[in-house]
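Q: need coordinates for the following:
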Amino acid sequence: MQVGPYRVLEEVARGGMGVVYRACAQDGTEVALKLLLSHRSVEAAARARFLAEVRVLARLRHPHVVAFLGAGEQEGVPWLALEFVRGPTLAERLRQGPLGIDDVRSVARDLVSALSYLHTCGVLHRDLKPDNVLLDGERARLTDFGLALDGDAEERLTRSGVLLGTPGYWPPEQVGVDRRSLGPASDIYGLGAVLYACLTGRAPRSASTLQEFASLEQTAAPITPPRQARPDVPRWLDALVMRCLARDPARRPASADALALALVQGPDAPRPRRSLAWAGLLGAPLSLAPLAWLLWSGPPPAPHAPSPDAPSAVVSATPTSTPLEDLEQLVARGAALRAAGKYAEARPLLEGALARDPQHPRANLELGIALEKLREPVLALEALDRARLLRPEDPLVLAARSQVLVALGRRWEALAELDEALRFASAPQLFWSRGLLRDALEQPEAEVLADFDRALELDPQHLGALLARGNLHRVHGRFAASLADYDHVLVLHPDATGALFNRGVVLRLMGRQREALASLDRLRRLTPDDPQLLLHRGVILCELRRSREALADLERACRALPDDAQAFLWRAQALIYLGRHAEALPAAQRAVQLQPDVASNHCMLGTALMELRRPAEALAALDVAVRLSPRFAMAQWHRGNALALLGRAEEAIEAYTRCLEAAPKHIDALTNRGVQLRRVGRLADALADYEAALELDPRNVNAALNRGNVLLDVGRKRDGLAVFEELLRRELSPDPRQKAESGRARALKLLGRE
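A: The predicted structure follows:
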C-alpha cells in the first residue's frame, strides 16, 4: 500500500482512533505513518484532533520529541509521518517490572527537558503516560500529541461529556473542566504519574473509567507514596514524585525547569565546585563542569563563600551602587567582581544595573554567569535568555547559556547552543566544551575526538582539551596516545593534578605499576589527603604486594569515602594478603552492601570466606558473582575451590572449565582441575591439564608434583620417578620437598615390584 510518498511495510499499532504503520520513504528511510481510521475521518471532532496534532508537531524540533516528517491526506483519510523509533514504549518495558532508580532519573531528565521545550513553545501535551514514551536506546522520546493544546489555537478539542486522556494519569483539574484551568502544572502532574509508574510498575490511580476516576477524586482518596510499595526509592525522589502529584496545582513544582533542577540536585544541597584542573579527572573520564571554564576568568566559589540565600546582614556588606554612579561603570564593577570569583558581591551591582536598564546586554550576561556560579540556574537562564535576545550572535552568551542548560539537565539544548556559537566563533574553548558535551551524550567517539583535535589545532597548549583527549584515548584503550597527551600537559604544567592522576591510572592499566606509583607519589606531594588519590595509590601498592603500605592508604580512603565500594573491596584484598582474614570479611561485606550488583565485590566476599574455611557460605557469594558475570575467571576459580572443599568434584571441574574458557592461561585453574579429574578417575585428562600448566610455567612445582603422581597412577613408573628426582635437584621449601621425596619413594616401591 502506498500512502503519499511512503510505502507501507507493516502495521505496528492500532487503537480506537487510528492506526500506525512502519513505512519506507523513497530513499529507504523508515518512518512511522499514522492514519486516522476511515470511519473516524468523517467525524469533525476526530479530524480536528488529528489536524491539531499535525499543527503542533510541525513546529516542534527537540531531541526528546519524536520528529515530524510530513503530513497529507489520501482518499479523505489524513495521515502524518514521524521518525520511526525501534525501541519499545515505556509501557511495554514496565511490563517486565519497575525501572532501576538511575534509569528512572534518566527517563525523568529526558522527559522534563521535552516538557520545558513544549511549554516554552506554548504547547501542553495533556496525555503523559508510559504508552506515549518511546525508549530509543538510552533516550526517552515523547510522542502522541493528539490531545495537545496549542496556545495559538482556538479550537476546543473535547466534546461535551467526553473526557480525552488516560485514566490513572489524569491531573484532577482535567476532569470535567474547561481548558483554561489547564496549564504547565497539569503536565507536571502527568510526568509525576509516569515516574510513579516507573518506580512501582503501576499508575498512581487505578481507574478504568471517567466515573471511577471522578469518584476517587471526589473522595480525595490519597495516593500511596511509591516508597511504601518499594522501600529502595530514595526519600527525596519519593517526595518529589508526590509533589508532582499534589491535588492543588500550586503545590506542584513551579515549572519544568524547577523540576529539572530538583532532579539534577537529587538529595544534595548545592555545593561549591572544585577547580576543573581536578574535578572530573579523578572519577568519570570526562566532566561537564564547568563547560565554559576558559570562556571567562575567575575561580569557583570558595568553600565557605556566602550563599546567595545568606541573611540580610551578610548581603548588606556587599558593594552597592550610588545614585550618581554611571550605568556602564556599575556594570564594569560588577563584571570585575564576577571575573574575580566574587559572585555574591557582583550580583547586587548587576541587578542594580538591570533595574535601571533591563535590556542592558552585558549586565544580563554577567548576571547570568554569576547566578550560575551561585547555583541558581533557573534565574541564570532568565538573564541569559534576555542577553540572547539582545545579542543572538554573541558566542559568549551562547556558551554561557549552554553551561546553564547543562546544570538544568537539558544537555541536548546545551549542545544546540554550542553548535550555534561555533557558527560565529571558531574558538578552541567552544570545540573543547562541545567535545565534552558530545561525550556525555554518548555521541560517536569520532565526533568527540574531532572536537578535541580541532581545539588543539587552534591552541596546541589548551590544557583542558589535552586532558579531555587523553581521557578519551584512555577510555577506548589507546593507552600510548593517552599517555602522550598527559605527558604534554605535564611539560606545560608540571603540577597539573589531573594529568598526574590520570597518567598513574594509564600506567597501571599498561601493567607499569612502579611508574604509575611514581606518578601518584608526585601528586601526593601536592594533595596528600585526597581520598581518590589514596584509593588508587592503595590499589597499586596492593598489586605490587606492598600490602602494609597499601592498607595504610586504603584505610584512610575508607574513612574519607565511607560509601565507596572500591575502597572497601581493596582494603579487604590488602587484609587477605596480610593474612588478616577475619578483618577482611567485614570490609568485603561492606563492599557488597554498597554495590550489590558488582560481581567483584561478591567474589571478594567469597574469597574472604574461603580463607576462613567457610566454603558453603563462600560458594553462595561466588554463585552470585558468576550470575552477575559468567565469564569472571577469578570468581569461577574460587568457586571451583569451594566446590572441591565441599567434595563436589564434578561441579568443581565445570567451574574450573568456565574459568579456563575466560582465561586459558590460568595455571592454578589447570592444576586444580587436574586434581579433581584425578579424583573422579579421569587420569588422562588430569595428565593433560598438568602438562598444559607446565608448558606455561616449566618451573611450577605444584603441577610437576601432581604430574608425577598421575604418571605413577597410569603405570608410567619410570617417567614418574624422573619427575620426582628432577624436583629433588631443585631448591625446594620443606613441604614440596617432603612431597617430592614421598613421590620418589612411591615410584621406587612400584618399580621394586616388577
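
Q: where does the stretch 651-754 of the chain dip in pLDDT?
A: Residues of the stretch 651-754 of the chain meeting the criterion pLDDT under 70: 753-754.

Q: low-confidence ranges, the stretch 151-300 of the chain, go.
A: Within the stretch 151-300 of the chain, the segments meeting pLDDT under 70 span 151-167, 174-181, 207-221, 261, 264-300.

Q: and the helix or strand hosting residue 354, which residues are buried?
A: Per DSSP states H and E: residue 354 is located in helix 343-356. Along helix 343-356, these residues count as buried under the neighbour rule (16 or more other CB atoms under 10 Å): 343-354. In short, each C-beta sits where N, CA and C put it, glycine included.

Q: quick one: list the elements packing against it.
A: Where contact means 3 or more CB pairs under 8 Å, 6 or more residues apart in numbering; DSSP states H and E, helix 343-356 is packed against helix 327-339, helix 361-373.

Q: any idea of the mean pLDDT in that helix?
A: When pLDDT is averaged over helix 343-356, the result is 91.

Q: from the chain's centroid, how far away is that helix?
A: Centre-to-centre, helix 343-356 and its host chain are 37 Å apart (CA atoms, centre = their mean, to the nearest Å).

Q: give me the angle between it and helix 361-373.
A: Calculated by axes from the mean of the first three to the mean of the last three CA atoms, to 10 degrees, helix 343-356 forms an angle of 140 degrees with helix 361-373.

Q: as CSV, the buried residues of helix 343-356 with distance to residue 8 would be great.
A: Below are the buried residues of helix 343-356 laid out as CSV (distance: CB to CB, whole Å):
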residue, distance to residue 8
343, 58
344, 62
345, 65
346, 60
347, 59
348, 63
349, 63
350, 58
351, 59
352, 63
353, 61
354, 56
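
Q: then the helix holding residue 354 to CSV, C-alphas only?
A: C-alpha atoms of helix 343-356 as CSV (Å, rounded to 0.1, in the frame of the first residue of the first chain):
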residue,chain,number,x,y,z
TYR,A,343,29.8,36.2,42.6
ALA,A,344,27.7,37.1,45.6
GLU,A,345,29.2,40.6,45.6
ALA,A,346,28.8,41.0,41.9
ARG,A,347,25.1,40.1,42.0
PRO,A,348,23.6,43.2,43.6
LEU,A,349,25.6,45.5,41.4
LEU,A,350,24.5,43.8,38.2
GLU,A,351,20.9,43.6,39.5
GLY,A,352,21.1,47.3,40.2
ALA,A,353,22.3,48.0,36.7
LEU,A,354,19.4,46.0,35.3
ALA,A,355,16.9,47.9,37.5
ARG,A,356,18.0,51.0,35.5
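
Q: picking that back up, mind putting the helices and strands packed on helix 343-356 into TSV with mean pLDDT?
A: Listed next are the helices and strands packed on helix 343-356 as TSV, based on pLDDT from 0 to 100:
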stretch	mean pLDDT
helix 327-339	89
helix 361-373	93
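
Q: next, count neighbours for residue 340.
A: A total of 13 residues lie near residue 340 under the criterion other CB atoms under 10 Å.

Q: likewise for residue 748?
A: Residues near residue 748, counting by other CB under 10 Å: 12.

Q: ok, it to residue 653 distance?
A: Separation of residue 748 from residue 653 (CB to CB, to the nearest Å): 32 Å.

Q: next one: residue 395
A: Taking CB to CB, one finds residue 395 at 66 Å from residue 653.

Q: neighbour-wise, which of the two wins?
A: When residue 395 and residue 653 are compared for neighbours, residue 653 comes out ahead with 25 against 21, by other CB under 10 Å.

Q: and the helix or strand containing residue 722, what's buried?
A: Secondary structure assignment for residue 722, by DSSP H and E: helix 717-728. Buried residues in helix 717-728, counting neighbours by 16+ other CB under 10 Å, are found at 717, 720-721, 723-724, 727.

Q: check which element follows it along the chain.
A: helix 734-752.

Q: contacting residues around that following helix?
A: Here helix 734-752 makes contact (CB atoms under 8 Å, 6 or more residues apart in numbering) with 701-702, 705, 708-709, 712, 717-718, 720-721, 723-725, 727-728, 732.

Q: burial count for the residue nearest to residue 675 when sequence neighbours are not counted?
A: Spatial nearest neighbour of residue 675, excluding adjacent residues (CB to CB, 6 or more residues apart in numbering): residue 706 at 6.4 Å. For residue 706, the tally of surrounding residues (other CB under 10 Å) stands at 25.

Q: doesn't residue 674 make contact with residue 706?
A: Yes - applying CB atoms under 8 Å as the test, residue 706 and residue 674 come out as touching, 5.7 Å apart.

Q: now the common contact residues for those two.
A: With CB under 8 Å, 6+ apart as the test, residue 706 and residue 674 both reach 686, 690.

Q: for stretch 79-91, list every residue counted as buried.
A: 79-85, 87, 89-90.

Q: lowest-confidence member of these, which is it?
A: Among these, residue 87 has the lowest pLDDT, at 84.

Q: distance of that residue relative to residue 136?
A: 5 Å.

Q: mind checking pLDDT for residue 415?
A: At residue 415, pLDDT is 91.

Q: wouldn't it be in contact with residue 441 here?
A: Yes - Residue 415 is in contact with residue 441 according to CB under 8 Å; the separation is 6.5 Å.

Q: helices along the stretch 1-150 of the chain, start to end?
A: Under the criterion DSSP state H, counting those that start in this stretch, the stretch 1-150 of the chain contains helices at 44-58, 90-94, 101-120.

Q: does the nearest residue to residue 128 once chain neighbours are set aside lie in a helix or a strand, and which?
A: Closest residue in space to residue 128, ignoring its immediate chain neighbours: residue 190 at 3.0 Å, by CB to CB, 6+ apart. Following DSSP H and E, one finds residue 190 within helix 184-200.

Q: residue 230 contacts residue 202, correct?
A: No - assessed by CB under 8 Å, residue 230 is found out of contact with residue 202, at 10.9 Å.

Q: joint contacts of the two?
A: By CB under 8 Å, 6+ apart, no residue touches both residue 230 and residue 202.

Q: could you pull out the helices in the stretch 351-500 of the chain for me?
A: 361-373, 377-390, 395-407, 411-424, 428-440, 445-458, 463-475, 479-492, 497-509.

Q: closest one to residue 559 among the ones you listed?
A: Residue 559 sits nearest to helix 497-509 of all the helices of the stretch 351-500 of the chain, at 20.1 Å, using CB to CB.

Q: any buried residues in the closest one, and which?
A: For helix 497-509, the neighbour count (16+ other CB under 10 Å) marks 497-508 as buried.

Q: if I look at the residue positioned nearest the centre of the chain, how far off is residue 437?
A: Nearest to the geometric centre of the chain sits residue 102, at 7.6 Å (CA atoms, centre = their mean). Distance, residue 102 to residue 437, using CB to CB: 20 Å.

Q: rewinding a little: I'd say the residue nearest to residue 128 and residue 127 touch.
A: Yes - look at residue 190 against residue 127 with CB under 8 Å: they come within range, at 7.3 Å.

Q: the more surrounded of those two?
A: Just comparing residue 190 and residue 127: by other CB under 10 Å the higher neighbour count belongs to residue 190, 27 against 20.

Q: how far away is the more buried one from residue 112?
A: 11 Å.

Q: can you check residue 41 too?
A: Counting by CB to CB, the gap from residue 41 to residue 112 is 35 Å.

Q: then residue 258?
A: Taken as CB to CB, the span from residue 258 to residue 112 is 10 Å.

Q: the more surrounded of residue 41 and residue 112?
A: The neighbour count for residue 41 versus residue 112, taken as other CB under 10 Å, is higher for residue 112 (29 against 17).

Q: identify the residue nearest the more buried one in space, chain neighbours excluded?
A: residue 260 (4.7 Å).
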